[in-house]
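J.: from the sequence below, what's the structure:
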Amino acid sequence: MRKLLIVCGPTATGKTSLAIKLAKKFGGQLVNVDSRQVYRGMNIGTGKDLPQNSSFNKIKNSKLGIKNESYKVGYYLISGVPIWLLDVVEPDYRFNVVDYLGVTIPVIERIWQQKQLPILVGGTGFYIKILMEGVGTAGIIPDWSLRKKLGPLTIGKLQKKIKQIDPSRFNRMNYSDRQNPRRLIRAIEVAEFKKKTPAQFQFLNLKNKDVFWIGLKMSPEKIRKKINYRVTKRLKQGLIKEIEGLLVKYGFNNSVLGETIAYRQWQEYFAIPKSERKEILIKVIDRWKSAEYQYAQRQITWFKKNKQINWFEADRKDLFSIVAKTVGRWYIKDND
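T.: Predicted structure coming up:
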């Protein structure tokens, strides 16, 4: 059956370790839902926590039906469980929700074909929402060259063009929109984009009974303590050295480094002479911890809106046992 398990919640709650145990029990494969772990080389800062000497098992894009050659799609084995969609693109590629749909749906379809359970795991709630509901038009960026070309056309010619490309779209427009050149141009822009990349506008569209949500939560005090521990751990693992290497290849301004927690907080540090860096080190680390905590709070706010999520305290001793029983009632019963 086409079923999907989702393990979500704020950062530092142990989502991946729980998901791996669930995958072993129910015959599943993990699919990453972290908008920053898709970037190659950004390992320590994003908390991929890959086993030492772990190898990437690349699957040919053609086998998955993926056309974008910028994507490198495959999986790592963690404790014998595949985890997909880590290291998909380089940090200078602007990966967005449309990209995410374009790689995730083929991977999930492959897991279903193998008669296994896809387990989405991560904290980027917006990606999960788009996967369930579709991207709509919000994820389509402006095509400035097309807009320049369409700008001089009359309303009549714009109407004729959208009728030719997407008549159903034109029929859904009200009278005011049909007389508005800006909205007609946007409708043409969206229709042209969808025509070029139709697969990226698919979404899973599963029934509620086919999707099961597990959410992990902790008190704010415990999350803060976990974040402090993880920051210290990542510094010991060599985050500063990792950033140095990434800056040589990409820089802060021409990549996602300048926009990503655990990396962007170091811009001031690397902008001054080495002899002065020690003086601001504590300030940088405190700024990083604060950003992680604020991000966790935003995640909590986002996921709290979803009434489908079955919440569990992340630090309870019988966590796996109770979650496995809950998932089993949903998964095994309907698969018998």
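J.: make sure residue 329 is indeed in a helix.
T.: Yes. According to DSSP: H, G, I helix; E, B strand; the rest coil, residue 329 belongs to a helix.
J.: show the pLDDT at it.
T.: At residue 329, the model reports a pLDDT of 95.
J.: ditto for residue 223
T.: So residue 223 comes in at 97 (pLDDT).
J.: after the strand or helix carrying it, next one along is what?
T.: Using DSSP states H and E, residue 223 sits in helix 220-237. The helix or strand immediately downstream of helix 220-237 is helix 239-249, counting by DSSP H and E.
J.: pull out the buried residues from that following helix.
T.: 239, 240, 242, 243, 246, 247 (16 or more other Cβ atoms under 10 Å). (Each C-beta comes from the backbone N, C-alpha and C, glycine too.)
J.: could you list the low-pLDDT ranges of the stretch 51-200 of the chain?
T.: 135-139, 196-200 (pLDDT under 70).
J.: what segments of it are helices?
T.: Remark: helices assigned in the stretch 51-200 of the chain by DSSP state H, counting those that start in this stretch are 61-64, 97-113, 125-133, 144-150, 155-165, 167-172, 175-178, 181-196.
J.: next, the buried residues of the second one.
T.: Taking 16+ other Cβ under 10 Å as the neighbour-count basis, helix 97-113 is seen to contain the buried residues 97-111.
J.: for the nearest residue to residue 254 once chain neighbours are set aside, which residues are in contact?
T.: Distance criterion Cβ to Cβ, 6 or more residues apart in numbering; nearest residue to residue 254, sequence neighbours excluded, is residue 92 at 5.7 Å. Residues near residue 92 by Cβ atoms under 8 Å, 6 or more residues apart in numbering: 250, 254, 255, 256.
J.: tell me which of those is nearest to residue 228?
T.: Among the contacts of residue 92, residue 256 lies closest to residue 228 (Cβ to Cβ), at 24.6 Å.
J.: one step back: and the gap between the residue nearest to residue 254 and residue 252?
T.: Residue 92 is 11 Å from residue 252, where distance means Cβ to Cβ, to the nearest Å.
J.: for residue 212, same thing?
T.: 40 Å.
J.: check residue 271 too.
T.: Residue 271 is 9 Å from residue 252, by Cβ to Cβ.
J.: shouldn't residue 61 be in contact with residue 68?
T.: Yes. The criterion here is Cβ atoms under 8 Å, and residue 61 meets it with residue 68 at 7.4 Å.
J.: double-check that residue 212 belongs to a helix.
T.: No. Residue 212 sits outside any helix when classified using three-state DSSP, being strand.
J.: who touches it in this structure?
T.: 3, 4, 5, 6, 310, 327, 330, 331.
J.: format the residues you listed as JSON lines; extra columns: distance to residue 81 and neighbour count.
T.: Conversion of the contacts of residue 212 to JSON lines gives the following (distance: Cβ to Cβ, whole Å; neighbours: other Cβ atoms under 10 Å):
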{"residue": "3", "distance to residue 81": "17", "neighbour count": "18"}
{"residue": "4", "distance to residue 81": "16", "neighbour count": "22"}
{"residue": "5", "distance to residue 81": "13", "neighbour count": "23"}
{"residue": "6", "distance to residue 81": "16", "neighbour count": "24"}
{"residue": "310", "distance to residue 81": "21", "neighbour count": "12"}
{"residue": "327", "distance to residue 81": "15", "neighbour count": "21"}
{"residue": "330", "distance to residue 81": "20", "neighbour count": "16"}
{"residue": "331", "distance to residue 81": "16", "neighbour count": "20"}
